[in-house]
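**Student:** Prediction below, plus the sequence it came from.
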Amino acid sequence: MDRRQFVRSAFGLSALTAVEFAPWQAVAALAQEVDNFVRGPAVKDHPLRQLSPHVWMIFSPDGFPTPENQGMMCNITCIDTPQGVVVVDTGASVQIGEMAVRQIKAVLGKPVVAVINTHYHGDHFLGNQAFVEAYGAMPIYAHAGTIREIAGLEGSSWRTLMEQWTNQATVGTRVVAPNTAVDHGQELKFGSLILRLHHYGKAHTPYDICVEVVGDKLTCIGDVAMNGRIANMDHGSFAGTLKAYEQLEKNAPSAIWLPGHGEAGPGVLAWNRAVFEGIYESCVKAVEAGQPLEAAKTLVLRDPRVASRAKATKGFENNIGKYVSLAYLEAEAAAF
């Protein structure tokens with residue numbers, strides 16, 4: 001029996017009494033109080049690391065959520081501006097967000113004045129709650145499509161999935177959706193510091209926002225690219241991602257590409273480009289030759305751009321079949 005089930009059982013008699021003597025609204029309110037009472041454990045501190053004059057990162061060493069890491073799988077970026085701290089992606093739970101708040105207070109000593117969610121996958125927005133609770137109402141920026149997804153089914157689905165994947169460690173997290181829509185080319189000004197936003201169509205998701213820290217030669221790329229892991233492409237496009245890389249290199253030339261997963265550095269886009277080209281171009285060849293999916297997978301695994309990176313890619317063995325299937329379907333659609 002998990003924590004939530006235990007507390008619900010403990011309150012069971014009260015709930016039954018409410019059913020007998022009070023209207024159904026009282027029962028719903030009681031159930032909500034029980035959910036609010038149950039809360040997963042605190043997340044251990046992960047230090048802030050400075051990457052550029054204005055940018056600090058809380059690095060997450062793991063690529064996937066587990067009970068052991070309590071969902072700590074996504075890098076959290078803190079941009080130190082003259083007006084306060086802007087946080088790009090807030091982690092997978094309120095507990096992770098609270099850990100980030102502790103680090104910001106200890107190291108930067110400034111309030112958080114805004115949040116940016118790069119896309120609608122839960123490890124990037126479920127920590128929003130902690131920042132609103134710590135600092136009050138603030139702009140939480142995201143693409144309009146991301147706002148719709150988080151306010152809709154994706155928000156509640158990701159909350160539930162994180163609880164399942166972490167054995168309830170993230171319990172107590174509420175979905176706090178972004179509240180301010182932004183799009184490609186928009187600039188957010190915080191005193192003398194400018195954050196330029198980039199959106200190049202469907203890449204990791206249809207609504208990815210990348211954040212260029214103007215003057216630092218650093219761009220936060222969310223999950224458009226990763227370092228040592230292939231992005232979840234269920235909602236994305238291989239061809240669109242490759243196009244996004246080209247546009248980012250042209251319009252936001254950076255010495256540091258800061259991904260949502262993996263270490264930041266100058267070679268992040270190049271690493272991802274090689275893997276994605278190896279996967280997608282192999283599938284295009286298979287489709288053009290009229291070969292089935294299994295033949296495409298063989299081509300992908302033999303491609304040196306993929307084979308040379310397989311061992312260093314987190315989750316490769318468990319996920320390469322799915323990636324090939326998605327790339328093959330995309331190549332088939334492009335052929336018609």
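**Tutor:** It's in.
**Student:** which residues of this structure fall in helices?
**Tutor:** Counting by DSSP state H, the chain has helices at residues 3-10, 12-21, 24-37, 94-107, 128-135, 144-151, 153-165, 238-251, 268-288, 293-302, 304-307, 316-335.
**Student:** which other residues reach the shortest one?
**Tutor:** Applying C-beta atoms under 8 Å, 6 or more residues apart in numbering, the set of residues contacting helix 304-307 from outside is Ala274, Val275, Glu277, Gly278, Ile279, Ser282, Val300, Leu301. All C-beta spots, glycine's among them, are computed from the backbone N, C-alpha and C.
**Student:** Could you check how far it is from the centre of its chain?
**Tutor:** A distance of 26 Å separates the C-alpha centroid of helix 304-307 from that of its chain, computed with C-alpha atoms, centre = their mean, to the nearest Å.
**Student:** buried residues in it?
**Tutor:** Going by neighbour count (16 or more other C-beta atoms under 10 Å), the buried part of helix 304-307 is Arg305, Val306.
**Student:** quick one: average confidence on it?
**Tutor:** Averaged across helix 304-307, the pLDDT comes to 96.
**Student:** Extract the C-alpha set from that helix and format it as PDB.
**Tutor:** Provided in PDB are the C-alpha atoms of helix 304-307 (Å, rounded to 0.1, in the frame of the first residue of the first chain):
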ATOM      1  CA  PRO A 304      28.400   4.500 -38.100                       C
ATOM      2  CA  ARG A 305      26.800   7.700 -36.800                       C
ATOM      3  CA  VAL A 306      24.500   5.600 -34.700                       C
ATOM      4  CA  ALA A 307      26.700   2.600 -33.900                       C
END
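**Student:** rewinding a little: got JSON lines for the contacts of helix 304-307, with pLDDT and neighbour count too?
**Tutor:** Shown next, in JSON lines, are those (pLDDT from 0 to 100; neighbours: other C-beta atoms under 10 Å):
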{"residue": "Ala274", "pLDDT": "96", "neighbour count": "17"}
{"residue": "Val275", "pLDDT": "96", "neighbour count": "25"}
{"residue": "Glu277", "pLDDT": "97", "neighbour count": "16"}
{"residue": "Gly278", "pLDDT": "97", "neighbour count": "22"}
{"residue": "Ile279", "pLDDT": "97", "neighbour count": "28"}
{"residue": "Ser282", "pLDDT": "98", "neighbour count": "25"}
{"residue": "Val300", "pLDDT": "97", "neighbour count": "26"}
{"residue": "Leu301", "pLDDT": "97", "neighbour count": "15"}
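**Student:** With respect to Pro65, which of those is nearest?
**Tutor:** Lowest distance from Pro65 to those (C-beta to C-beta) belongs to Val275, with 22.2 Å.
**Student:** and the closest one, what does it touch?
**Tutor:** By C-beta under 8 Å, 6+ apart, Val275 lies in contact with Ile230, Arg305, Val306, Arg309, Thr313.
**Student:** got it, and Gly262?
**Tutor:** Contact partners of Gly262, counting by C-beta under 8 Å, 6+ apart, are Gly63, Asn75, Met226, Asn227, Gly228, Arg229, Val268.
**Student:** picking up where we left off before, now the helices of the chain in TSV, please, with extra columns for distance to Gly215.
**Tutor:** Formatted as TSV, the helices of the chain follow (distance: least, C-beta to C-beta, whole Å):
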stretch	distance to Gly215
helix 3-10	46
helix 12-21	57
helix 24-37	43
helix 94-107	21
helix 128-135	25
helix 144-151	26
helix 153-165	34
helix 238-251	15
helix 268-288	20
helix 293-302	40
helix 304-307	34
helix 316-335	36
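**Student:** Looking at the contacts of Val275, which one is closest to Val324?
**Tutor:** For these, the nearest to Val324 is Val306 (9.6 Å; C-beta to C-beta).
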